[in-house]
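Enquirer: pasting the structure only:
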């Protein structure tokens, strides 16, 4: 399949839908649909979130024919089976609205005039295009959800900040691509901290300390048979990663921290963090608005006005933590202070921070790097706090070169070969 200058590409969950070329791909692999089922899917996806009446759908799919409603029902059943292939995704994409019609219930990203399937399928080998299976490791009496992807010699533990949900990572294309790039040069190990995502929920008054979260990392490493790994921490995952590296240097080959901090509340020696009153304002926002895209303007300003992304972010947060747990975790994070830990880190360390980060100031990244002996600091342009959306390629190249000694080189010939063979 080749690029074209017209038509639209829609992405949702692990799927990409090319309306012009008549193709549906799941994680880069074709999904077989009948022509009328495909037209039905396009009609639903184009109006995502809106209930479309049965008569309207039938006029769209069979414009010049009289058909019975049973034909539409058969198309819907076919689509539901195709969108839940192999039982890998139980997401209710197509909702029946009683006595009215159908609604497509997933955040949809739209690209005009460009088909990206060849790049999506060609950039990574098929084994990296799958959504990893979720497994569980026992940490004390708590089950910690984890996934692995890739089989390179380097083990790399990814520690997300705040809250996370392993399976919702893969429903946002930019996040999925970031993780697949890491897995291209490592065995990537992902997990949800206790109390969040797919790991065991715990009482709000028993949410984990940094030390307990560190034990969760150790439990996951033991479950996957990893004796030594690099660790990469995003935001609040940075202090946890630094504590792990300082405590278990023999198990830590390298440390990468992105958009991180040493202390979450301001004092005279750390003037860049928010005050207690400012943290209180954010806690009030969470109590009143959890369920919506809380904090998106500071964490991903480049995507803050994208309706589909706002829906994904809100759903990701809802799935990641309950309102009470989110507030309790945020309050607990306000107590974090690893300034005394940083000088004891004795593993190769890379600290990356966006210059215009609206959530954590660049001075905080500079401080962290200055306190870790021999740490390398990379300051990048951009305002996003999360690393997935602006110039992720530059950041990923820095990480890969630091961890492997080699900078990533894309293989355009491979993609071009796929395009040529599909159009010949």
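Expert: Great, that's in hand. None of these values were measured; they are calculated from a predicted model.
Enquirer: where are the low-confidence patches of the stretch 1-150 of the chain?
Expert: For the stretch 1-150 of the chain, applying pLDDT under 70 flags the ranges 1-7, 85-91, 111-122.
Enquirer: name the nearest residue to residue 163, ignoring sequence neighbours.
Expert: Nearest non-adjacent residue to residue 163, counting by C-beta to C-beta, 6 or more residues apart in numbering: residue 320, 3.5 Å away. Where you see a C-beta, it was placed from the backbone N, CA and C, and this is true even at glycine.
Enquirer: could you give the number of residues near that neighbour?
Expert: Other residues lying near residue 320 total 23 when counted by other C-beta atoms under 10 Å.
Enquirer: all strands of the stretch 151-300 of the chain, in order?
Expert: 155-159, 187-191, 229-234, 252-258 (DSSP state E, counting those that start in this stretch).
Enquirer: ok now stretch 30-49, how far from the chain's centre?
Expert: Relative to the centre of its chain, stretch 30-49 is centred 25 Å away, using C-alpha atoms, centre = their mean, to the nearest Å.
Enquirer: how long is that stretch end to end?
Expert: 25 Å (C-alpha to C-alpha, to the nearest Å).
Enquirer: what sits up against that stretch?
Expert: 10, 12, 15, 17, 19, 22-25, 52, 57, 60-62, 71-72, 75-76, 78-79, 82, 85, 94, 102-108, 308 (C-beta atoms under 8 Å, 6 or more residues apart in numbering).
Enquirer: which positions in it come out as buried?
Expert: Going by neighbour count (16 or more other C-beta atoms under 10 Å), the buried part of stretch 30-49 is 31, 33, 36-48.
Enquirer: out of those, flag the one nearest to residue 179.
Expert: Distance to residue 179 across these (C-beta to C-beta) is lowest for residue 31, with 22.0 Å.
Enquirer: now do that closest one against residue 261, distance only.
Expert: Relative to residue 261, residue 31 is positioned 43 Å away (criterion: C-beta to C-beta, to the nearest Å).
Enquirer: what's the PyMOL line that selects buried ones from the contacts of stretch 30-49?
Expert: Filtering the contacts of stretch 30-49 down to the buried ones (16+ other C-beta under 10 Å) takes a single PyMOL command:
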select buried, resi 10+12+15+17+19+23+24+25+52+57+60+61+72+75+76+78+79+82+94+102+103+104+106+107+108+308
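Enquirer: how about residue 306: what's its closest non-neighbour residue?
Expert: residue 109 (7.7 Å).
Enquirer: that neighbour and residue 45, how far apart?
Expert: 11 Å.
Enquirer: need the residues touching each of those two.
Expert: Jointly contacting residue 109 and residue 45 under the rule C-beta under 8 Å, 6+ apart are 10, 12.
Enquirer: I'd say residue 8 and residue 21 touch.
Expert: No: using C-beta atoms under 8 Å, residue 8 is not in contact with residue 21; the gap is 10.6 Å.
Enquirer: check the closest residue to residue 202 other than its chain neighbours and give its pLDDT.
Expert: Distance criterion C-beta to C-beta, 6+ apart; nearest residue to residue 202, sequence neighbours excluded, is residue 195 at 4.8 Å. Turning to residue 195, the model gives it a pLDDT of 88.
Enquirer: does residue 195 touch residue 326 like I think?
Expert: No: between residue 195 and residue 326 there is no contact under C-beta under 8 Å: 9.8 Å.
Enquirer: neighbour count for those two, which is higher?
Expert: Remark: of residue 195 and residue 326, residue 195 carries more neighbours, 26 against 23, as counted by other C-beta under 10 Å.
Enquirer: identify the residues contacting the more buried one.
Expert: Applying C-beta under 8 Å, 6+ apart, one finds that residue 195 lies in contact with 201-202, 207-208, 321, 325, 329.
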